[in-house]
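Colleague: Sequence and computational prediction follow.
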Amino acid sequence: MTNMRFVACATSTLLVVLLMCTQRVQANTFESTNINDVEIKDSAPAMSEMEQQAVGATVDEAFVLLKTSESLGVNMMLKLGQAGDVTAQVWLGVTALLGNSSYWPPSTKTGVEWLSKAADQGSPAAQFFLGALYSTGVGVERDQAQAVLYYTFSAFGGDFRGQMALGYRYMFGNNVEKSCRLSLSNYQRAANQVQGELTSAADPPQFVERKRIAAQGQPAQQSTDEEIAEFTKYRADSGDVDGQRVAGQLYYVGQGFEQNLDRARHYFERAANGGDPHAYAFLGEMYANGFGVKQDNETSVQYLRKAAKMQSPMGQHALGLMYLNGQGVKKDVTSAIELISKAAKNNFPDAQYTLGTLHYSGTGVEKDPSQALTLFKSAAQQGHILGMYNLAMMHSTGAGVSYDCKVGRELFKNVAERGAFGSEFPVAYTAYENEQYDEAILRYLLLGEMGFEVAQFNAAQLIDQGLTTLFVNESLSQTAALQEWKWSAQQGHSPSRVKVGDAFYYGKGVSVDKAAATEEYREASDALNAQALFNLGIMHHFGDGLEKDIHLAKRYYDRTLEVSTQSALPVYIVLSLLYATFGWEWLQEQVESIEFSTDTLQSAVASVDLDSLIQRHSSIIIALLCCAFIAVYLARNLALHRHQTHVAALNRAYEQRLAAYNTQQAELAAELAAELRSSAGGEDGEDESEGQREEGLRQR
């Protein structure tokens, strides 16, 4: 294995050097937010005038035509690809793989052919896709050395996906020599592109939900975003000011609703009319950046001043930026620092990031890298992407803090995964919901190659359920699923670790190795995974892969119940078997301790192998135990129902007695009041004295 890795690395290095010397690698990127959109901008060799005349169109025209007439657009792409246009070749290859065009039939073979043509011309995008195919074994024979080679070309060519894929492999040593430095370098280059996207974005960042696919037979993950969004919209339409502002925010980032800046502005304006300071701040930001409206500094400043006056941290920060840059107002660094500092003290991450950059550069404040580090860290902990990026830069360069490769790499990885390609997650999940399983799996596999843990888990889940035709046989499917389970487990996902253990236990995609399965289960149990704890209990209970130890098995079963109450039924069943084993062993000990004139009974008891007896009749025993548990459960529910009925009857009787008592007290009070009135209105010559009347009333 070590020799193979060395040969792969040496070959990759040699070919990269050769590639750079011949200037075949183009420093270009495949800039697309979605595989479907494929706005590929590879700097391919320009077609000759004769080829352009033969084709009669350009790639840009073909993309426009695809939106109006798909059939004509596909035909134009085909002609461009045949003429040697790299952009068209990549589009044809990816579309053939995904099968998401009615006029370009799905075919992994066709996809590989077109991508190979583009890769031969130095397309970093095509090289990434080919690397992913060789890594997963889709359409080609699995070859990790080839995958690493293509990823290396892609990364050197500037494709951020190739950089992420290579960074992930160096991070864990997957078919390459583990190297924090090379992992950090590749993730940093990918993060640089994300940082550029964020600082020059024409629209606010869009929220992307990464849903996990449930195991077969389990309910799908319930996303409450849509429900919350609809309820919030109902509140907003009912006139609730907070609901209007929150609805505006949901439309602003596209969470629960499709991103719609016009609707966002509508709700922000309604909330602002109701006096919401944060709504003023959002409107100010929209006009300052031209998000969904015509850019207007004057209007922006008006909104932001209202928001800042009402102590909105967002408004204070945005107005501070206007003063800092002289945008719509006279430049005033002092006022800017004051406003931004107020917002930062209120724990507003954007303000903490901005103030951190000012402290780092010494703009308007004393230069203080340690203070900048503190501010970047606080912003990053709240999920601020640029805060993470700057914090990663400081850790990776040792600026203002000691050099820490691992921290820098983790931060750069986090930033890189917030890039535009993350929008593939909802597309893949929609394909899954529409039962387009091959497309969903392929999209998840591509994301998984880039190091997205959720995508690795989802791809493995779908392949494991047998929902794909991408692989020639079941053995290749199991191998592909195992790779994704392993990569997901590498990133700390304990259910995936259990799946890896299952693969070793049952020999799915790998030879049976119960010692390796035990190690995987133990690692998952350290993360308090109930399934792993239960599996270890079973193995100790029956001596399957581990030394038989029923006492240790019981400890694992008890721990399983502590971790997950949902595991009660299977745990109680195996505990019943365990208690039966305890009882039988005790009986054997008692029989052996009694002296008989004949050894008939002793030999009969000793000859019974309880474990084999249980294994032979396990189905019957489990059925009987289930029936017993159901009977106990129903009896318990019946007793509980009777108890509740009795308590309800007692409560009703008590309420009736209490009502009667209250009525009696009310009547007595009315009678006493009447007597008091008659006593007060009586004649002076009455025989009864005042003291006697009081005593009588007291007795009553």
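Modeller: Perfect, thanks for sending it.

Colleague: Please make it C-alpha for all contacts and neighbour counts, starting now.
Modeller: Fine.

Colleague: Count the neighbours of the residue lying closest to residue 106 once chain neighbours are set aside for me.
Modeller: Take residue 106 and drop its neighbours on the chain: the residue closest to it by C-alpha to C-alpha, 6 or more residues apart in numbering is residue 99, 4.1 Å away. Using other C-alpha atoms under 10 Å as the criterion, residue 99 is surrounded by 19 other residues.

Colleague: got the contact list for residue 99?
Modeller: With C-alpha atoms under 8 Å, 6 or more residues apart in numbering as the criterion, the residues that contact residue 99 are 105, 106, 107, 439.

Colleague: make it 7 Å
Modeller: Shown here is residue 99, whose contacts under the criterion C-alpha atoms under 7 Å, 6 or more residues apart in numbering are 105, 106, 439.

Colleague: again, but for residue 139
Modeller: 108, 109, 112, 133.

Colleague: can we see that at 6 Å?
Modeller: Under the criterion of C-alpha atoms under 6 Å, 6 or more residues apart in numbering, the contact list for residue 139 reads 108, 109.

Colleague: ok, now residue 376?
Modeller: Contacts here follow C-alpha under 6 Å, 6+ apart; on that basis residue 376 touches 353, 356, 387, 391.

Colleague: of all those, which comes closest to residue 636?
Modeller: Lowest distance from residue 636 to the contacts of residue 376 (C-alpha to C-alpha) belongs to residue 387, with 56.6 Å.

Colleague: Check which helices and strands whichever strand or helix holds the closest one sits against.
Modeller: Taking DSSP states H and E as the criterion, the element that holds residue 387 is helix 385-397. Packing contacts for helix 385-397, counted by 3 or more C-alpha pairs under 6 Å, 6 or more residues apart in numbering; DSSP states H and E, involve helix 369-381, helix 405-416.

Colleague: now with 10 Å?
Modeller: Using 3 or more C-alpha pairs under 10 Å, 6 or more residues apart in numbering; DSSP states H and E as the contact criterion, the elements in contact with helix 385-397 are helix 180-199, helix 349-361, helix 369-381, helix 405-416.

Colleague: And those: which comes nearest residue 149?
Modeller: Comparing these against residue 149 with C-alpha to C-alpha, the closest turns out to be helix 180-199 (14.6 Å).

Colleague: which other helices and strands contact the closest one?
Modeller: Using 3+ C-alpha pairs under 10 Å, 6+ apart as the contact definition, the elements that helix 180-199 packs against are helix 144-156, helix 160-172, helix 385-397, helix 405-416.

Colleague: Who are the packing partners of the next helix or strand after it?
Modeller: The helix or strand immediately downstream of helix 180-199 is helix 225-237, counting by DSSP H and E. Contact partners of helix 225-237 among helices and strands, from 3+ C-alpha pairs under 10 Å, 6+ apart: helix 241-253, helix 261-273.

Colleague: what residues does helix 225-237 touch?
Modeller: Outside of helix 225-237, the residues within contact range by C-alpha atoms under 10 Å, 6 or more residues apart in numbering are 209, 224, 238-248, 250-251, 255-257, 267, 270-271.

Colleague: among those residues, which ones are buried?
Modeller: 240-248, 250-251, 255-256, 267, 270-271 (16 or more other C-alpha atoms under 10 Å).

Colleague: now, which of those residues sits nearest residue 632?
Modeller: Each of these was scored against residue 632 by C-alpha to C-alpha, and residue 256 proved nearest at 44.6 Å.

Colleague: residues in contact with the closest one?
Modeller: So, once contact is read as C-alpha under 10 Å, 6+ apart, residue 256 ends up touching 207, 209, 223, 224, 225, 226, 227, 228, 229, 230, 247, 250.

Colleague: Check pLDDT for these and point me to the minimum.
Modeller: Looking at pLDDT alone, those dip lowest at residue 223, where the score is 55.
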